[in-house]
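> Sequence plus the predicted model coming up.
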Amino acid sequence: MIPRYQVLRQRIAAEQEQIRRAAGKAKRAFQSAARGGQDETFYLDSSALNLHGFYNGIERILELVARELDETLPTGPTWHQDLIRQMQLDVPGVRPPLLDATTASFLQEYLGFRHIVRNLYTWDFVPLKLGELVENLTKTLAAFDAALARFDIFLGQAGHADEGK
């Protein structure tokens with residue numbers, strides 16, 4: 001057994017659970033905001049913060065793969081976009097692609113929103129845009145989970161590549 005692959009699998013699984021929690025909290029907060037009332041803006045802020053956490057968790061997984069398997073992490077002003085592109089690459093002898101084009105496209109939307117959360121005041125959030133992102137969480141999470149499931153097969157096989165030698 002090759003421990004680094006098994007450790008990576010466990011780290012990804014732990015992060016994946018946190019991503020799911022953030023997605024659920026973002027949905028619940030947005031639903032509460034949609035009911036209106038005096039706390040509407042607090043719920044919108046909560047939804048935005050959890051959408052931010054949702055994407056950050058995904059990006060942590062992408063960074064783990066880049067560091068542990070690719071042994072290189074993009075740098076420079078576009079490193080976040082470059083990381084998504086890197087995860088679409090098939091790297092012969094290292095790893096298969098983690099993301100397909102559709103999943104990468106979904107993630108770009110959340111990356112863009114993450115930038116807004118980090119650089120604007122909360123009163124600048126557009127509820128309609130928040131609603132679109134919350135509505136797309138289910139399909140984005142499903143696509144990412146499917147990508148991770150495929151990638152986990154690779155990690156499992158790679159983790160046992162030294163057996164039988």
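Looks like it came in fine.
> What distance do you get for Gly57 to Glu135?
19 Å (Cβ to Cβ, to the nearest Å). To be clear about C-beta, it is placed using only N, CA and C from the backbone, and glycine gets the same treatment.
> Let me know the pLDDT of the residue nearest the centre of the chain.
The centre of the chain sits closest to Ile58, judged by Cα atoms, centre = their mean, with a distance of 2.0 Å. In this model, Ile58 is scored at 98, pLDDT.
> Could you tell me which residues make contact with it?
Contact analysis of Ile58 by Cβ atoms under 8 Å, 6 or more residues apart in numbering lists Ile19, Leu107, Tyr110, Phe144.
> Please apply the same query to Val91.
Residues near Val91 by Cβ under 8 Å, 6+ apart: Leu69, Asp70.
> Give the bridge partners for it, please.
Beta-bridge partners recorded for Val91 (DSSP bridges): Arg95.
> Next one, pLDDT for it please.
pLDDT, Val91: 96.
> distance of it from Leu83?
Separation of Val91 from Leu83 (Cβ to Cβ) stands at 14 Å.
> what's the answer for Pro127, then?
From Pro127 across to Leu83, the span is 29 Å (Cβ to Cβ).
> neighbour-wise, which of these two wins?
Counted by other Cβ atoms under 10 Å, Pro127 and Leu83 do not tie: Leu83 has more neighbours, with 20 against 15.
> ok now whichever helix or strand Leu130 is part of, how far from the chain's centre?
Here Leu130, judged by DSSP states H and E, is contained in helix 127-159. Relative to the centre of its chain, helix 127-159 is centred 7 Å away, using Cα atoms, centre = their mean, to the nearest Å.
> No further questions, thank you.
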